[in-house]
Each structure stands twice: as structure tokens, then as C-alpha cells.
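Asks: show me how the following folds:
(one chain, ligands or ions: 1)
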Amino acid sequence: MEIILDSANIAEIEKCDRRFALAGVTSNPTIIKKEGRLDFYPHFRKIREIIGENKSLHIQTLGATTEEMLAEARAVLAGVDGRVYIKIPVTEPGLEAIKTLAGGGVNVTATGIYTRMQAYLAAAAGARYLAPYCNRMEQMGIDFRAIIAEVSGVLARAGSPAKIVAASFKNITQTTDALAAGAAAVTMTPDILHSACDFAPIGLAVRDFHADWVSSQGADARLD
Ligand code: E4P
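Replies: This next block holds a predicted model:
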């Protein structure tokens with residue numbers, strides 16, 4: 001199970017990487033827009049420095065054609081590092097780019113997945129991660145849980161190395177549902193990740209334990 005942060009915010013990446021056992025960081029142009037105008041390559045090299053070389057860093061291409069995607073992928077690999085997962089939308093030109101990059105040993109994350117067949121085509125083309133857009137599917141009346149369950153079963157039976165990194169969440173229930181359905185990884189925004197432990201009964205339990213300690217051991221008694 002991998003917990004991945006969907007953010008390009010340096011402060012949040014530092015904080016979440018310190019607090020949580022993150023497996024990596026994803027982003028897309030909309031997430032990057034939230035950071036304002038960026039010095040793109042130094043910014044992403046900084047993110048790499050924070051998370052280290054063993055965690056996955058996923059950076060999305062912008063172009064619509066295969067040639068544009070391949071040129072952008074080469075620039076990202078040179079400008080950040082060769083371990084980056086190049087995120088490519090599963091369009092027909094995108095599949096050609098995935099096949100070319102994966103065939104050359106580049107790590108690829110297939111993104112913008114709404115259907116089973118997109119996932120299978122991307123896995124067959126050599127993508128290592130497949131990113132179904134859960135909340136966007138839900139808004140369209142598509143059952144993302146059923147799709148993740150079916151795709152993860154087919155991948156397992158085929159012995160495919162491709163993993164589902166479920167994406168596009170608006171709440172924790174969607175993320176836990178995606179994991180329960182069979183996603184190997186989930187990527188979520190800092191807000192959603194922080195909300196995981198933001199549950200009033202947790203704070204109340206901690207307060208009650210503290211009160212019991214003080215009433216039995218005395219206010220001056222300490223463990224350290
Ligand atoms: C991953 O990085 C995806 O691009 C992202 O989770 C999509 O999220 P959204 O549907 O909230 O834009």
C-alpha cells in the first residue's frame with residue numbers, strides 16, 4: 001500500500017514527508033498552478049531533494065501530440081532526473097508516447113483514466129502506474145470502486161507489473177474505498193491527508209488519558 005501526496009507545495013511536501021510514510025509525490029498542471037509562476041526545474045529538483053531518490057516523483061506532460069509529450073518527457077528527465085515517473089494522459093497519442101518511453105526504460109504513470117480499457121491499454125503499453133480519476137468518475141455516475149476492483153483483478157491474473165494509483169479524491173472515504181477495492185496506491189492532496197487524523201474522538205481520548213495520568217500519578221510525574 002502506497003500513500004502518495006498530490007501536491008507541488010514545498011512547505012506541505014516537507015511537512016507531510018516528515019509526518020507520514022509517503023511513497024512519493026504526484027502533480028499535474030492544475031496543482032502546479034496553485035503555486036503561481038514557478039522556476040519549474042529547480043522547484044522539482046527541490047521536491048526530489050526533500051523526498052529522496054527512493055520515492056516516486058510523478059510529473060505530467062502538457063502536449064497533445066506524441067512528439068510533444070516525448071520532447072517534454074526528455075526535458076523533464078534531463079531537468080529533474082532519470083527516475084521521474086512521466087505522467088501521460090491515456091489518449092491515443094499518449095499511448096504511443098507511453099509505449100515509446102516504457103520501451104526505452106523510462107518510468108511512466110498513465111493518467112486521466114476513466115475506463116477499464118484505458119487502464120488495460122496503458123498497462124499493455126508498459127506504464128508502471130495507472131491513475132483512475134475517482135472523484136471525477138463519481139461525479140459522472142461511474143462506479144470507480146467496481147472499476148478498480150475489476151482492473152486490479154485482471155492485472156493480478158495477467159501478472160502485470162502495473163499498479164493502480166487511485167487519484168482525484170475529495171474525501172478520505174473515497175481513498176479508503178479505492179484501497180479496499182484493490183488500488184495499490186492512492187494519491188491525495190495535503191488537505192485530505194491531514195483530515196485523516198482530524199477526528200474529534202481522537203483528541204478526546206488523548207485528553208482523557210492525560211487527565212487519568214495526572215489524577216493518579218500527579219501533575220509533576222513525567223515519562224522523560
Ligand atoms: C493526480 O495527480 C491527478 O492528476 C489528480 O489527483 C487529479 O485530481 P482532480 O480530479 O482533483 O483534479
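
Asks: please count neighbours and contacts with C-alpha atoms only from this point.
Replies: Will do.

Asks: tell me if I am right that residue 111 is in a strand.
Replies: Yes - Residue 111 forms part of a strand when assessed by DSSP: H, G, I helix; E, B strand; the rest coil.

Asks: dihedrals phi and psi, the residue in the chain that the ligand sits nearest to?
Replies: For the chain and the ligand, the shortest gap (C-alpha to the nearest ligand atom) falls at residue 168, measuring 3.4 Å. Backbone geometry at residue 168, expressed as degrees, to the nearest 10, gives phi 60, psi 70.

Asks: equivalent analysis for the one 5 residues further on, please.
Replies: Note on residue 173: its backbone torsions stand at phi -60, psi -40 [degrees, to the nearest 10].

Asks: near the ligand, which residues of the chain show up?
Replies: Counting by C-alpha under 6 Å from any ligand atom, the chain comes close to the ligand at 6, 26, 27, 28, 133, 136, 167, 168.

Asks: hang on, the earlier thing: quick check: the residue of the chain closest to the ligand touching residue 139?
Replies: No - using C-alpha atoms under 8 Å, residue 168 is not in contact with residue 139; the gap is 11.0 Å.

Asks: who does the residue sitting nearest the centre point of the chain form a beta bridge with?
Replies: With distances taken as C-alpha atoms, centre = their mean, the residue of the chain nearest its centroid is residue 187 (2.9 Å). Per DSSP bridges, the residues bridged to residue 187 are residue 4.

Asks: any weak-confidence spans in the protein?
Replies: Of all residues in the chain, none has pLDDT under 70.

Asks: again, only using 90
Replies: Applying pLDDT under 90 to the chain picks out residues 197-203.

Asks: which helix in it runs the most residues?
Replies: Longest helix in the chain by number of residues (criterion: DSSP state H): helix 200-217.

Asks: show me which residues of that helix are buried.
Replies: Of the residues in helix 200-217, none count as buried by neighbour count, 16 or more other C-alpha atoms under 10 Å.

Asks: work out the gap between it and the centre of the chain.
Replies: 35 Å (C-alpha atoms, centre = their mean, to the nearest Å).

Asks: so what touches it?
Replies: Residues outside helix 200-217 that contact it (C-alpha atoms under 8 Å, 6 or more residues apart in numbering) are 219, 220, 221.

Asks: shouldn't the residue nearest to the centre of the chain be in contact with residue 3?
Replies: Yes - contact criterion C-alpha under 8 Å: residue 187 and residue 3 qualify, at 6.2 Å.

Asks: rewinding a little: using PDB, list the CA coordinates for the longest helix of the chain.
Replies: Presented in PDB, the C-alpha positions along helix 200-217 are these (Å, rounded to 0.1, in the frame of the first residue of the first chain):
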ATOM      1  CA  ALA A 200     -12.800  14.700  17.400                       C
ATOM      2  CA  PRO A 201     -12.800  11.400  19.400                       C
ATOM      3  CA  ILE A 202      -9.100  11.000  18.900                       C
ATOM      4  CA  GLY A 203      -8.500  14.300  20.700                       C
ATOM      5  CA  LEU A 204     -11.000  13.400  23.400                       C
ATOM      6  CA  ALA A 205      -9.300  10.100  24.100                       C
ATOM      7  CA  VAL A 206      -5.900  11.800  24.400                       C
ATOM      8  CA  ARG A 207      -7.300  14.400  26.800                       C
ATOM      9  CA  ASP A 208      -9.000  11.600  28.900                       C
ATOM     10  CA  PHE A 209      -5.700   9.600  29.100                       C
ATOM     11  CA  HIS A 210      -3.800  12.700  30.200                       C
ATOM     12  CA  ALA A 211      -6.400  13.500  32.900                       C
ATOM     13  CA  ASP A 212      -6.200   9.900  34.200                       C
ATOM     14  CA  TRP A 213      -2.400  10.100  34.400                       C
ATOM     15  CA  VAL A 214      -2.500  13.400  36.200                       C
ATOM     16  CA  SER A 215      -5.200  12.300  38.700                       C
ATOM     17  CA  SER A 216      -3.400   9.100  39.500                       C
ATOM     18  CA  GLN A 217       0.400   9.900  39.200                       C
END
